[in-house]
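*Asks:* Let's see this in three dimensions:
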Amino acid sequence: MSAISNAVGTERLSRVSGYKIRKGIFTNDTANLPQMIAVFGEANTANQSGLTADKREVTSAKEAADLYGYGSPIHRIMSILRPVNGGDGVGGIPTIVFPQVTDEAATATEIEWTVTGTATANTTHFVVINGRDTINFQTLAYSVVIGDTATVIAGKIKDAINSVLGAPVTAANTLGVMTATTKWKGATSAEVNIVIDYGDNSAGLTYTNSDTTDGTGAVDLADSLVQFQNDWYTCVINPYGSVQSNTLATFETFNGVPVDNPTGRWSATVFKPFMAFFGSVLNTRSGLVAITDANARVEQVTNVLCPAPNSSGFTWEAAANMVALFARQMQDNPHLDVNNLAYPDMPVPSDGNIGDMADYNNRDLLVKAGCSTVILENGAYKVMDLVTTYHPDGETPLQFSYCRNLNLDWNVKDSYTTLEAIRLRDKTLVLDNQNVTVSGAIKPREWKAVLFDLFEDLAEKALINDPQFSKDSLVVQISSTNPNRFETLFRYKRTGIARIESTDAEAGF
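*Replies:* Below is the predicted model:
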């Protein structure tokens, strides 16, 4: 019989006592799939010097601002994922930033406001940048004093903007004209919008958006994607989806598809896929469907449109809001979904009008066309449906539509491969009827017992239904042609979510 302890080598003869401790795992229960967020985005022009595309884990909005610039897209995204007010946000979920270097030919966006008149009253006016008159608790306000000229007011607007560190623009003024320039260059900068809010008291002043020049310039994602390697990023925030639509295809090609002959990150020997979240502020179903129902999107499982209809906010803020909800829920409660959860920090239209998405029939059409939906309730966007663009005709139910279902599948895979690494991989394969007296060997029936426990565990977590079905479907075997090959096949039934409740009540006398 072989030794059961090797704390002291079997070759030793002199009197001695040895003791050592090893790591042991005595359960088949597994943890939820750890979430990891990849944040794509551009740095400010002032932060481009020496900038590389090297990824970096960032743990706070301030760190993001120090590295990539206050008011940059990366800073705004991180301000939502990791709020400066001390809110938990995504908590301990890793947030890895993949900065994109700005194209040398890129330009910034410039917005010009012209002031006319002389102030006739004392009051306070506000600058509103992308739906916010307060950024990171700093207010974009300025005092109007009787007698202030247009040039004085333009200077006060400039000062109000430049005094807010997290503003996405810097300002200058001359002769009654304030010019704001985005802190970064590229097509994404064209999403900046500025209005002057004077409430019900203009104080004799007139404000005119006299000129706007949109920024230009695309980014190349190749240097970022090559860094994914063996890490499993579950959520990707894509700030370019609305202004650089080819990035949708770039992510789809890189991520691949799961069925028939899996490709990309879905490949059987890789299987570390992600969902790429991009935002939209479009308010018409035709505009949204044009994105998600395009032929190239219909059978893809990668891109997720995060709606904030009629918001003045940045589209990437919508994506960051959705990921803040989804990643946290999937980390803690992967059996649930983000239905009815409110965006934590997204500007909403002041008139409460969210366009076509306010109507249920339109939301139903949108979901069937691969578009997520929200409603506006109590001053916040609430998630109704979170789906990928996947919606092939005739497939009922849709297998890879709901983001929650994809994450559920990933949990099953992660749990399976965790047990595989502990219980099966690199063990000696022996037949069920063979007597074995050494450690490090495994029989098909022993592996089946491990998976039986896994099915029960997944059922207890409400990730699968009918664990007996999975047990009955399980087949394991040592290959008859390759003694080093071990094969497993099983099926499972995903649990569903009560998304539709239909009740008939019949009353009478």
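
*Asks:* which ones are touching the spatially closest residue to residue 281 that is not a sequence neighbour?
*Replies:* Nearest non-adjacent residue to residue 281, counting by Cβ to Cβ, 6 or more residues apart in numbering: residue 311, 4.8 Å away. Every C-beta, even on glycine, is put in place using the N, C-alpha and C of the backbone. Residues near residue 311 by Cβ atoms under 8 Å, 6 or more residues apart in numbering: 131, 281, 317-318, 346-349, 381.

*Asks:* Give me the neighbour count for the closest residue to residue 145 other than its chain neighbours.
*Replies:* Spatial nearest neighbour of residue 145, chain neighbours left out: residue 122 (5.7 Å); criterion: Cβ to Cβ, 6+ apart. Using other Cβ atoms under 10 Å, residue 122 has 13 other residues around it.

*Asks:* I'd like to know how far residue 122 sits from residue 199.
*Replies:* 13 Å (Cβ to Cβ, to the nearest Å).

*Asks:* try residue 80
*Replies:* The spacing between residue 80 and residue 199, counted by Cβ to Cβ, is 28 Å.

*Asks:* go on, residue 205?
*Replies:* Residue 205 is 12 Å from residue 199, by Cβ to Cβ.

*Asks:* Looking at those two, which is more packed in?
*Replies:* More crowded of residue 205 and residue 199, by other Cβ under 10 Å: residue 205, with 22 against 9.

*Asks:* Mind exporting the C-alpha coordinates of the helix or strand harbouring residue 223 to CSV?
*Replies:* Element membership of residue 223 [criterion: DSSP states H and E] is helix 222-225. Included here for helix 222-225 are C-alpha records, laid out as CSV according to Å, rounded to 0.1, in the frame of the first residue of the first chain:
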residue,chain,number,x,y,z
ALA,A,222,-7.1,47.0,-31.5
ASP,A,223,-4.5,47.9,-28.9
SER,A,224,-7.1,47.5,-26.1
LEU,A,225,-8.7,44.3,-27.2
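
*Asks:* So for it, what gets flagged as buried?
*Replies:* Buried residues in helix 222-225, counted by 16 or more other Cβ atoms under 10 Å: 223-225.

*Asks:* which SS class is residue 74?
*Replies:* Three-state call for residue 74 (DSSP: H, G, I helix; E, B strand; the rest coil): helix.

*Asks:* That one reaches residue 51, doesn't it?
*Replies:* No. The pair residue 74 / residue 51 is not scored as a contact, 11.1 Å apart, by Cβ atoms under 8 Å.

*Asks:* in this protein, which spans are helices?
*Replies:* For the chain, applying DSSP state H gives helices covering 61-68, 73-81, 150-162, 222-225, 246-255, 285-292, 315-332, 360-368, 403-419, 444-460, 467-473.

*Asks:* Could you tell me how far residue 394 is located from residue 298?
*Replies:* Counting by Cβ to Cβ - residue 394 and residue 298 are separated by 12 Å.

*Asks:* Can you tell me which of the helices of the chain is nearest to residue 214?
*Replies:* helix 315-332 (14.7 Å; Cβ to Cβ).

*Asks:* Mind listing what's buried along that closest one?
*Replies:* Quick answer for helix 315-332 (16+ other Cβ under 10 Å): 315-331.

*Asks:* and the most centrally placed residue in the chain, what does it touch?
*Replies:* Nearest to the geometric centre of the chain sits residue 323, at 3.6 Å (Cα atoms, centre = their mean). By Cβ under 8 Å, 6+ apart, the contact set of residue 323 is 37, 81, 90, 235, 237, 277, 306.

*Asks:* Looking at those, which are in strands?
*Replies:* Members of the contacts of residue 323 lying in strands (criterion: DSSP state E): 37, 235, 237, 277, 306.

*Asks:* Am I right that the fourth one is in contact with residue 307?
*Replies:* Looking back up the chat, that one is residue 277. No. Between residue 277 and residue 307 there is no contact under Cβ under 8 Å: 11.1 Å.

*Asks:* hmm, back to that, could I get the contacts of residue 323 as TSV with neighbour count?
*Replies:* As requested, the contacts of residue 323 are exported to TSV (neighbours: other Cβ atoms under 10 Å):
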residue	neighbour count
37	24
81	27
90	23
235	27
237	30
277	29
306	29
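
*Asks:* can the residues you listed go into CSV with extra columns for distance to residue 178?
*Replies:* CSV is the format used below for those (distance: Cβ to Cβ, whole Å):
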residue, distance to residue 178
37, 37
81, 32
90, 37
235, 38
237, 32
277, 34
306, 32
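
*Asks:* Between residue 74 and residue 51, which is the more surrounded one?
*Replies:* It is residue 74, of residue 74 and residue 51, that has more neighbours when counted by other Cβ under 10 Å, with 30 against 17.

*Asks:* Contacts only, for that one.
*Replies:* Here residue 74 is in contact with 39, 41-43, 64, 67-68, 97, 99 (Cβ under 8 Å, 6+ apart).

*Asks:* between these, which is nearest residue 138?
*Replies:* When these are compared for distance to residue 138 (Cβ to Cβ), residue 64 comes out closest, at 16.8 Å.

*Asks:* on that earlier part again, tell me the residues that contact both of residue 74 and residue 51, please.
*Replies:* Joint contacts of residue 74 and residue 51 (Cβ under 8 Å, 6+ apart) are 43, 68, 99.

*Asks:* got a pLDDT number for the last one?
*Replies:* If I follow you right, that is residue 99. Per-residue pLDDT puts residue 99 at 97.

*Asks:* swap in residue 1?
*Replies:* 55.

*Asks:* So between residue 394 and residue 298, which is more surrounded?
*Replies:* Neighbours per residue (other Cβ under 10 Å) separate residue 394 from residue 298, with residue 298 holding more: 15 against 4.

*Asks:* which ones are touching the more buried one?
*Replies:* Residues in contact with residue 298, defined by Cβ under 8 Å, 6+ apart, are 370, 389-393.

*Asks:* now residue 179
*Replies:* Taking Cβ under 8 Å, 6+ apart as the test, what residue 179 contacts is 110-113, 171-173.

*Asks:* Likewise for residue 410?
*Replies:* 33, 234, 273.

*Asks:* thinking the second one is in contact with residue 90, fair?
*Replies:* Spelled out, it's residue 234. No. At 11.6 Å, residue 234 does not count as touching residue 90 under the criterion of Cβ under 8 Å.

*Asks:* intersection of neighbour lists for these two?
*Replies:* Contacts common to residue 234 and residue 90, judged by Cβ under 8 Å, 6+ apart, are 35, 37, 327.

*Asks:* Specify the beta-bridge partners of the second one.
*Replies:* What that stands for is residue 37. Applying DSSP bridges to residue 37 yields these beta-bridge partners: residue 95, residue 235.
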